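Colleague: After the sequence you'll find the predicted model.
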Amino acid sequence: MTFSEALDIRPGITALIGGGGKTTLMMTLAGELKERGSVIICTTTRIYPPKDMEVLLNADKDGIAEALRLYGAVCVGEMCGEKLGPPNMGVLELACLADYVIAEADGAKGLPLKAHAGHEPVIPDRARVIYTIGADGIGKTIAEAAHRPELYAGRLNTDTGHIITTEDAAKMVDYGDTVLFNKAESKGDIQNGKRFAEYFGGTTVIASLKDLQIKEIIRK
């Protein structure tokens, strides 16, 4: 089973939020989905420009349509220093040009867990949300594993030295009904994914993007 099948990615807009692994997931989904239709990837915040995909800057509709015809999947955005920022047209406009639009909608500085500040995530209208969690954050302190650790701790009514449990991680999922429990590369990681699913009210996909393996899908 592919990641796009496991996560039930449908035509339209998908927003990726949460901990580390979003960019890898975005690129993986783009590679899979271009076998089914045209794909645009982008960000509503900041990402590094992908190295293995055509990146369109200052793009207009005709240029995007032509690039999609040639490549099947493209990245659209504008440079902000060394990073790529949001495109110069709205995500809803992009969705009129491609079958699938995948947007990375927050940042986590590569950390496995994330607490959202008031200005984030920047989820496009009409987007379905996939939340990513890194299995390697479970069993570490909030200070070690979470982006915005003080916010993370505050929302759990604890301190940044607290050891993160699967229940904690489930409580911190604030958007979406589907979680990719990523980096599940050991039996212990998979067990943690199953325990996470007991607390989370939606669908949990336990997987390893590194190994391109879906371990288990738990739906509620």
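Modeller: Ah, there it is. Numbers count the residues shown, from 1 in each chain.

Colleague: Any chance you could list what contacts stretch 150-164?
Modeller: Outside stretch 150-164, the residues that touch it by Cβ atoms under 8 Å, 6 or more residues apart in numbering are 113-117, 137-143, 145-146, 149, 168, 171-172. Backbone N, C-alpha and C define where each C-beta goes, glycine included.

Colleague: Can I get that stretch in PDB? Just the C-alpha atoms.
Modeller: Provided in PDB are the C-alpha atoms of stretch 150-164 (Å, rounded to 0.1, in the frame of the first residue of the first chain):
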ATOM      1  CA  GLU A 150       6.900  26.100  26.500                       C
ATOM      2  CA  LEU A 151       3.600  26.100  24.700                       C
ATOM      3  CA  TYR A 152       3.600  22.300  24.500                       C
ATOM      4  CA  ALA A 153       4.200  22.000  28.200                       C
ATOM      5  CA  GLY A 154       1.700  24.700  29.100                       C
ATOM      6  CA  ARG A 155      -1.100  22.900  27.200                       C
ATOM      7  CA  LEU A 156      -0.400  19.700  29.000                       C
ATOM      8  CA  ASN A 157      -0.200  21.700  32.300                       C
ATOM      9  CA  THR A 158       3.300  20.500  33.000                       C
ATOM     10  CA  ASP A 159       6.900  21.600  32.500                       C
ATOM     11  CA  THR A 160       9.400  21.200  29.700                       C
ATOM     12  CA  GLY A 161      11.200  18.400  31.600                       C
ATOM     13  CA  HIS A 162       8.200  16.200  31.400                       C
ATOM     14  CA  ILE A 163       8.600  12.900  29.600                       C
ATOM     15  CA  ILE A 164       6.200  12.700  26.700                       C
END
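
Colleague: And that stretch, what's buried?
Modeller: By 16 or more other Cβ atoms under 10 Å, the buried positions in stretch 150-164 come out as 151, 152, 153, 156, 162, 164.

Colleague: Also stretch 119-134?
Modeller: Going by 16+ other Cβ under 10 Å, stretch 119-134 has these buried residues: 120-124, 127-134.

Colleague: Just flag the most distant two among those.
Modeller: Greatest spatial distance among the buried residues of stretch 119-134 (Cβ to Cβ): 124 and 134, at 23.7 Å.

Colleague: Just to be sure, residue 130 is in a strand?
Modeller: Yes: according to DSSP: H, G, I helix; E, B strand; the rest coil, residue 130 belongs to a strand.

Colleague: Is it possible to get JSON lines of the buried residues of stretch 150-164 that adds pLDDT and distance to residue 5?
Modeller: As requested, these are exported to JSON lines (pLDDT from 0 to 100; distance: Cβ to Cβ, whole Å):
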{"residue": "151", "pLDDT": "98", "distance to residue 5": "34"}
{"residue": "152", "pLDDT": "98", "distance to residue 5": "31"}
{"residue": "153", "pLDDT": "98", "distance to residue 5": "36"}
{"residue": "156", "pLDDT": "98", "distance to residue 5": "33"}
{"residue": "162", "pLDDT": "98", "distance to residue 5": "36"}
{"residue": "164", "pLDDT": "98", "distance to residue 5": "30"}
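
Colleague: Narrow those residues to those in helices?
Modeller: 151, 152, 153 (DSSP state H).
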